[in-house]
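Chemist: Need coordinates for the following:
(chains A and B)
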Protein chains: 2
Amino acid sequence: MLEYVSVLIMIVLHPSIILTMDQQRRVLRDYFIGIEEGVIKYLGKEKPTDAEEVLELPNRIIIPGFVDSHTHVAMTLLRGLKDDADLMEWLQKYILPMEMRLKSSDVYYGALYGIAEMLCSGITMFLDMYYHEIEIAKAVADAGVRAMLSYGSADVFFNRSPDEEFKIAENFRTELENLAKTRNAEDRLFFAYGPHSPYGCTKELLEIFKEKSKETGYRIHIHLAETLAEVQQVKENTGYTPIEYLESIGFLNEKVMAAHVVWVEEKEFDILKRRRVNVLHNPISNLKLASGIAPVPRMLAEGINVALATDGPASNNRLDMFREMHVAAIIHKGYNRDPKIVPAHTVLEMATINGANALGLDKMIGSIEVGKKADLVVINIHKGPHGTPIHDPYAMIVYALDQSYVESVMVDGKWVYKDGEYANIDIDKIREKVQEIRLRLMEEAGIT
Amino acid sequence: MLEYVSVLIMIVLHPSIILTMDQQRRVLRDYFIGIEEGVIKYLGKEKPTDAEEVLELPNRIIIPGFVDSHTHVAMTLLRGLKDDADLMEWLQKYILPMEMRLKSSDVYYGALYGIAEMLCSGITMFLDMYYHEIEIAKAVADAGVRAMLSYGSADVFFNRSPDEEFKIAENFRTELENLAKTRNAEDRLFFAYGPHSPYGCTKELLEIFKEKSKETGYRIHIHLAETLAEVQQVKENTGYTPIEYLESIGFLNEKVMAAHVVWVEEKEFDILKRRRVNVLHNPISNLKLASGIAPVPRMLAEGINVALATDGPASNNRLDMFREMHVAAIIHKGYNRDPKIVPAHTVLEMATINGANALGLDKMIGSIEVGKKADLVVINIHKGPHGTPIHDPYAMIVYALDQSYVESVMVDGKWVYKDGEYANIDIDKIREKVQEIRLRLMEEAGIT
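Modeler: Residues are numbered from 1 along each chain as shown, chains lettered A, B, ... in the order given. Below you'll find the model as predicted:
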C-alpha cells in the first residue's frame, strides 16, 4: 500500500530526451525533471538547486505514462483460452462459461496480474469495464497505478430491469468512492458509467445513464459499432445503425467514451464530430477478432479525439501499448495505401494525451508539464539492439522499440516499476495464483 | 570464429515443451533433445545414457530457429532515417543517397548488428539481397549463424550490360564459396542469384539467370509484384503484369523465391501454384510502406509455399520474427473478416519450415528432427508476465509473447546467444560503430 509522505523531497531525473506531448509537442534534450509530492514541479535546462538527488539517465527517453483507454484488465485469466475461433464460438463456448464462474478474488488476482503486464509496457492509467469491478479497484490501489473503472451494465444480457441494473452501477460507485477515500487514492481511482453497448442495454437503461451523466458529470464508457453483426442487430431492433440510434436518443456528447467504432457510415462522422464523442481505438483486437478496420485516418482528419487501447488480454492477447502503437501506425497505411497517414507522433498522441482527453483527465495526466502528475516512463534505448541508430525519437518508439525497452515506470511521483522490478507486486506469487485460477475455472467449466 | 571439434560431446536439453514443426507437427512434452557435432541425434522421453550434461529447462519452450526468408540485413544502418514518407521520396531523397556512400566495412558492421538483432528474436537463418554482399558473408561467418546470400543484380538501375551485371553476381558466388571453404562454413553460407525485380532487370538479364539457374541448380531470389506502381510499370514496358511477364519468359519454377507478391490477379494464383513458386511474405513492410495486403489466405489455400520475412530494418523497422508473426496472424483475419484464417500454427510454419522449404534447405533446417541441424530457440515463458496462463503453445508464441522471451539461441549445435549474451558479437562496440557510420553517411549525403 502506498502512503503519501508530507516532507517535500525533490526527485530529479536527467534523461537524454523528454517527449513532453504538451500542447507544443516539445522534444526536450538534456533537460531536468523535478518532482515533488507526486507532481512535476520543474522542467528546465539547469539542475534545480533544491535537488536532493539527481538520477542521471543517459541513453534514456522519458515519455508520459500510456493511457490504455479501453480494456478488461482481469481477462489475463482467460488469455489464450481459444484463439483463431469464430467470435460467437469463442464467446459462448469458452469466455462466458469461464466468466460465469469467476469469484471476486479471481478478479482481484487477474487484475493485479494485468496491471503488472501494463506496467512493464509503460501503461500508468487505464479505463476498464468488467464485473466484480471493486476487486479491480483494490488491485489498482495496491499496485499504485491509476484507473477509471466502470461496471459493465447490460440489462438485456442479465435479464434484469433497467432500474435494477442501474442500481448495481450506483452501488459500485459508492463502494469505489469509499475505497478511494480509505486508501487515500482519490487521484488514482475514478468512476465512469459503463452501459455495455447499444445491444446489451435497453433504451430505458441507456436513457437512465444519459440523464444521470448529465446530473452527476460522470463519464460514460460504452462499446459502439464494433462488428457488422452489431450494426445489423441494432438496425433490426431500432431501425437505426448503432451510432444513429444513440444520437436519436440524445445519448452522445463529449462525456461519451466509445470503444471500437469500426463501422461508421458517411453521415455518422459528422455526428461523432459534432457531439465530440471520444473514440477508443483497439486495432489489434479488431483485427484478431476480424471485426474490421476502423476509419481512424478519417476520424483524425475530422478532428475527432481518437485514443488507443488494448481491449484486454483475451482478445489481444496482451496489455501492451508498444505493440498497439505499432499496429495502429502500420495498419491504416497499408489498408488505405498511404504511407504518410497516422504518423508516429500521432500514434504517440493517441497513446498518451488523447487518452487523457478521452477520460477527461487532461489537466492531470497525459503529458509532461509542470503542474501535472508525475506519471512517467523511462525507456532505455540501449537495452537491446533496436534503438540504434537513433534519429526521430517518435518513430523509434513506434516502429523500432518494444515493451522490453521500458526500464522504469513512475506513477504519482513513485517508482512502481524500477529496473524491471515491481514495487508493489509479488509477480511470481501472482503468476502462480493466475495459473491456479485458470485451471480451476477450466475444470469447473468442463473446458479442456 | 567457430571451429568444429572432432570429439563427440552430447549436449542434452530438457525443456517443458518442444514444438518440432516436423511433418506430423508433433508437440513433445517433457522430452530430451540430444545434440552431437551440430546435429540433433536424439529426441526421446528417456534421458540419453551418453549425456555428458543435461541442461534442465523448466518453463521453456524450444522451437526451431526462425528463417527470415527475405531481408536486407545491413540496412540497420538506415533504420528510422525517414519514416511516414512517400515511397519515392523515401528511396530517392534518403535511402539511395546513403546507400551510394556505403563502404564495404560499413556493410560488414551493419550486417553484424543486424545479425545481433536477429539472434535476440530467434532468427538463425536468413535470405539476403544487397550490395557488398561478401561483407555480409563475413558477418555471418563471424556471428555463427546461417544465411543464403544474393547480390542484388539490376542492370536497369546501374546502367550496365546484362553480361556485366551477371558477371558481378558470378564473382560474388566465387568469393562466397571461397570464404565458406576458408571459414569451414559451407553448411552455413549459401549462394542464390538475386535479380532485383522485373523492373530492375532487362529481359536479357532475367533470361541469363533463368538459364544459369537451370544449369547450376542455384536458386533465384527476386522482388515480385510488391506495389501497384510496379504492376503498372511492368505492364507499360512489357504488356504483362509482373507475374505473367516472368511466366511468359519461362522464368518461374520451384527454385524461385519471390518476395512480397502483394498484387496477384485471379489467373496468377494458378501460375504461382503450377510453377511451385515460393512466396516470401513481408506483412509489416507491406503495411508500413503502404504497398498493400498480400492475398496470403488464398495462396495458402492453393497450397502455395508461403514463408515469412522482415524485409529488413529500413522498411520494418526491425528484424524480429515475433512481431512479423503477430502481424501476419492478425492482418489477414481483420482484412478478410474471418477470425479463423492464418491461425497461429500456420504462422509458426511460415516462420520456420516454410522458410526452409523456400530456401530448398528443408532437409537440413526448419524443424526439430533427428538428423537435422541443431538450430534451436529457447523461449522462457516466465521471463515476463505474458506467458501465463499457458494453454496452446502456438497461440502463446504468436499472440502473447515477443522477442524478449527468447533466452538462448543455438546454431549448428553451438550457443550463439545464451541468456541474453552474444557468444561472438561485441554488441556495445558494434552499436557504437553503427551510430558512427550512420552519422558519417548522413553528413556525406547532406541529410539532417
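Chemist: hey, let's count contacts and neighbours off CA atoms from now on
Modeler: OK.
Chemist: Just want the most central residue of chain A.
Modeler: residue A:68 (1.8 Å; C-alpha atoms, centre = their mean).
Chemist: partners of whichever strand or helix holds that one in the sheet?
Modeler: Applying DSSP states H and E as the criterion places residue A:68 in strand A:66-71. Strand A:66-71 sits in its sheet next to strand A:123-130 (parallel), going by DSSP bridges.
Chemist: Report whether the helix or strand of chain A with the lowest mean pLDDT contacts chain B.
Modeler: When the helices and strands of chain A are scored by mean pLDDT, DSSP states H and E, helix A:87-89 comes last with a mean of 85. Yes - for helix A:87-89 and chain B, the contact criterion (C-alpha under 8 Å from any C-alpha of the partner chain) is met by residue A:87.
Chemist: Next, the buried residues of that helix.
Modeler: residue A:87 (16 or more other C-alpha atoms under 10 Å in any protein chain shown).
Chemist: Output the contacting helices and strands for the helix or strand following it.
Modeler: For helix A:87-89, the following helix or strand on the C-terminal side (DSSP H and E) is helix A:96-99. If contacts are counted by 3 or more C-alpha pairs under 8 Å, 6 or more residues apart in numbering or on different chains; DSSP states H and E, helix A:96-99 sits against helix A:427-445.
Chemist: The helix it packs on near chain B at all?
Modeler: Yes - residues of helix A:427-445 contacting chain B under C-alpha under 8 Å from any C-alpha: A:427, A:431, A:434-435, A:438.
Chemist: And the lengthiest helix in chain A, how far out from the chain middle?
Modeler: Taking DSSP state H as the criterion, chain A has its longest helix at helix A:162-182. Centroid displacement of helix A:162-182 relative to its chain, using C-alpha atoms, centre = their mean, to the nearest Å, is 21 Å.
Chemist: now the helices for the stretch 251-400 of chain A?
Modeler: Ranges of helices within the stretch 251-400 of chain A are A:266-274, A:283-288, A:296-301, A:321-336, A:344-351, A:353-358, A:393-395, based on DSSP state H, counting those that start in this stretch.
Chemist: Provide the strand pairings for the helix or strand just after the shortest one, with the direction of each partner.
Modeler: Helices and strands here follow DSSP H and E; after helix A:393-395, the next one along the chain is strand A:406-411. Strand A:406-411 has these partner strands in its sheet, going by DSSP bridges: strand A:376-380 (antiparallel), strand A:414-418 (antiparallel).
Chemist: I'd like those strands as CSV, with mean pLDDT appended.
Modeler: Putting the strands paired with strand A:406-411 into CSV (pLDDT from 0 to 100) gives the following:
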stretch, mean pLDDT
strand A:376-380, 98
strand A:414-418, 98
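Chemist: Tell me which of those is the most buried.
Modeler: Of all the strands paired with strand A:406-411, strand A:376-380 has the most neighbours on average by mean count of other C-alpha atoms under 10 Å in any protein chain shown, namely a mean of 26.
Chemist: What lies in contact with that strand?
Modeler: Contact with strand A:376-380 is made by A:59-65, A:122, A:368, A:405-411, as judged by C-alpha atoms under 8 Å, 6 or more residues apart in numbering or on different chains.
Chemist: Could you point out which of these is nearest to chain B?
Modeler: residue A:405 (9.4 Å; C-alpha to the nearest C-alpha).
Chemist: pLDDT score assigned to that closest one?
Modeler: On pLDDT, residue A:405 comes in at 98.
Chemist: Residue A:2 too?
Modeler: pLDDT, residue A:2: 43.
Chemist: Quick check, pLDDT for whichever residue of the stretch 51-200 of chain A sits closest to chain B.
Modeler: Among all residues of the stretch 51-200 of chain A, residue A:84 sits closest to chain B, at 4.6 Å; criterion: C-alpha to the nearest C-alpha. The model reports residue A:84 with a pLDDT of 94.
Chemist: How many residues are close by it?
Modeler: The tally of other residues near residue A:84 (other C-alpha atoms under 10 Å in any protein chain shown) stands at 22.
Chemist: Please look at it and residue B:338 and confirm they touch.
Modeler: No - using C-alpha atoms under 8 Å, residue A:84 makes no contact with residue B:338, being 9.0 Å away.
Chemist: Quick one: classify residue A:246 as helix, strand or coil.
Modeler: helix (DSSP: H, G, I helix; E, B strand; the rest coil).
Chemist: Identify the residue nearest it in space, chain neighbours excluded?
Modeler: residue A:252 (6.3 Å; C-alpha to C-alpha, 6 or more residues apart in numbering or on different chains).
Chemist: and what of residue A:213?
Modeler: Spatial nearest neighbour of residue A:213, excluding adjacent residues (C-alpha to C-alpha, 6+ apart): residue A:219 at 6.3 Å.
Chemist: Regarding the one you found, what are the backbone dihedral angles?
Modeler: phi -80, psi 170 (degrees, to the nearest 10).
Chemist: That one touches residue A:193, doesn't it?
Modeler: Yes - in terms of C-alpha under 8 Å, residue A:219 counts as a neighbour of residue A:193; the distance is 6.2 Å.
Chemist: list residues touching both of the two?
Modeler: Residues touching both residue A:219 and residue A:193 (C-alpha under 8 Å, 6+ apart) are residue A:213.
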